[in-house]
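Asker: Provide a 3D model corresponding to the input given below.
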Amino acid sequence: MRKCAIALSCSLVFAIFVLGAEQSLLSAQTRKPVATARSGVYPIQEGYVDANGVLIYYTTFGRGEPLVIVHGGPGASHDYFLPYLLPLTRTNKLVFIDERGSGRSEKLEDVKQYTVENMADDVEAVRVALNLGKISLLGHSYGGVLAEAYALKYPEHLSHLVLASTFASTKEMNQVLQRIKNQLPKDKLALTTAFEKAGLFGKGAAWEHGRYPSQYATLAWGDGYFSRLYGARPDPNYDPQAQNTSTAWDLYREMWGSHGEFVIDGNLTSVEYLDKLPTIKVPTLILGGDHDECDPALAKEMNAKIKGSKLVILPNSGHMAFVDQPNLWNKSVAEFVSGSASPVAAKGSRK
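Answerer: Purely as a prediction, here's the structure:
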C-alpha cells in the first residue's frame with residue numbers, strides 16, 4: 001500500500017512538472033508573435049475591394065493610423081511611390097490603391113466610367129470595406145485632384161488631407177502646360193506642334209496605334225517635363241518611353257484627352273474646384289517642389305483658399321519631390337498627419 005502511495009505521489013509530481021513545462025512552452029509560443037509584432041517586421045496585406053461594381057486593388061502595411069495614398073497619371077499605379085514612401089510605415093498604416101482601370105485594378109469596357117467623381121466613390125468604398133474609420137488621405141499629381149474630390153464629398157470621414165504636387169483648376173493647369181510647351185527649344189517646339197496637328201494616335205505599327213508616337217513621348221516627357229520632374233536627385237532610371245508603355249491609355253485618353261501632353265481636354269475639364277476649396281475644413285497640407293510641373297503658384301493659391309492649411313515648398317525639387325527630397329517630404333507628411341509641430345511643415349503656413 002505504501003509503495004502504491006509513493007508511486008502515485010511520484011506520478012502526480014511528474015504530471016505537474018510536465019503540465020508546467022507545457023504551459024511554459026505554450027506561453028512562450030504565445031508571446032513570440034507579440035514580440036515579432038513589436039520588432040522591425042511589417043507584413044503586407046493585399047486584396048481587392050468590390051467598389052461600386054469595380055474590383056479595386058489595395059495593398060497595406062505599416063503601423064498606426066491609416067494613411068490612404070492615391071496615385072497620379074491618370075492611369076499610373078501605386079508602384080511609383082515605392083520605395084520612397086517606405087519610411088512612413090513606421091508612423092502610419094499605409095493603404096495604397098490602384099484606381100479603377102489602373103495598375104492591378106479592374107479594366108472597364110465603358111471608358112465613360114473613368115471619372116474623378118467615380119474614383120472618389122471608390123476610395124470611400126475601400127475605406128468602408130477595410131473598416132478604416134477616419135482616414136488621412138494623400139494624393140499626388142492627379143491623385144491630389146482625386147483627394148480634393150473626396151474631401152469635398154466625404155469630409156466627415158477625413159482626419160487629414162495631403163495635396164502633393166497637384167492642381168485645383170484644369171483651366172489654370174492648362175495655362176501652366178502651355179508655358180512649359182512654349183519653353184521648348186524652337187526646333188523641338190515646331191516638331192511637337194507638327195505631331196499634334198497630324199494627330200497622335202493610329203500611327204505607326206498596329207501595336208503603337210493606341211499610344212503616343214515614340215518621338216513625341218520623348219519630346220513631351222523628356223524635353224518638356226524632365227526638368228520639372230526632378231531636381232536634387234533625378235531618377236537615373238527615368239525613361240520617357242517607359243511612361244509611354246506603362247500608362248493605361250484607354251483611361252488616359254478619356255480623362256486627359258487625345259490632343260497631346262500640353263493640353264487637358266478630356267473629362268478632367270470638370271475639375272474646377274477653386275471656389276469650393278474654402279469649404280474644406282479638415283487639416284490640410286499642401287506640398288510641392290520649387291520648380292514643380294504643377295507650378296508652385298498653384299499650390300500657393302490652394303493654400304490661400306483653404307483656411308488654416310499648411311504650405312511646404314521643398315527646395316531643389318520637381319514634381320517627384322519625394323524622390324528629390326525624401327527625408328523632408330516624408331518628415332513633413334508624418335509630422336503633419338500625427339499632429340506634431342514641425343518647423344518644415346510650418347513654413348509658409350496660412351493661419
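
Asker: Point out where this structure drops to low pLDDT.
Answerer: Across the chain, the ranges flagged by pLDDT under 70 are 1-38, 340-351.

Asker: how's it carved up into domains?
Answerer: With domains defined by automatic domain parsing, the chain comprises 45-170+272-346, 172-268.

Asker: So which of those has the densest surroundings on average?
Answerer: Highest mean neighbour count among those (mean count of other Cβ atoms under 10 Å): domain 45-170+272-346, with a mean of 20. No exception for glycine: its C-beta is placed from N, CA and C like everyone else's.

Asker: one step back: quick one: the domains of the chain as JSON lines, columns for distance to residue 39 too.
Answerer: As requested, the domains of the chain are arranged in JSON lines below (distance: least, Cβ to Cβ, whole Å):
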{"stretch": "domain 45-170+272-346", "distance to residue 39": "11"}
{"stretch": "domain 172-268", "distance to residue 39": "30"}
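
Asker: Stretch 192-208: how far from the chain's middle?
Answerer: The chain centroid and the centroid of stretch 192-208 are separated by 30 Å under Cα atoms, centre = their mean, to the nearest Å.

Asker: likewise stretch 71-80?
Answerer: Mean-position distance between stretch 71-80 and its chain equals 7 Å (Cα atoms, centre = their mean).

Asker: And for stretch 278-289?
Answerer: 16 Å.

Asker: Quick check: end-to-end length of it?
Answerer: One end of stretch 278-289 to the other measures 23 Å (Cα to Cα, to the nearest Å).

Asker: First-to-last residue distance for stretch 80-94?
Answerer: Stretch 80-94: ends 15 Å apart by Cα to Cα.

Asker: Other residues contacting it?
Answerer: Stretch 80-94 is touched from outside by 42, 60-67, 69, 71-72, 96, 136, 140, 322-323, 326, 329-330, 333-334, 337-338, with contacts defined as Cβ atoms under 8 Å, 6 or more residues apart in numbering.

Asker: Narrow those residues to those in helices?
Answerer: Per DSSP state H, helices hold the following members of the contacts of stretch 80-94: 322, 323, 326, 329, 330, 333, 334, 337, 338.

Asker: List the residues that contact the nearest residue to the fourth one once chain neighbours are set aside.
Answerer: Nearest residue to residue 329, sequence neighbours excluded (Cβ to Cβ, 6 or more residues apart in numbering): residue 322, at 4.3 Å. When the contact criterion is Cβ under 8 Å, 6+ apart, the partners of residue 322 are 81, 84, 85, 140, 164, 329, 330.
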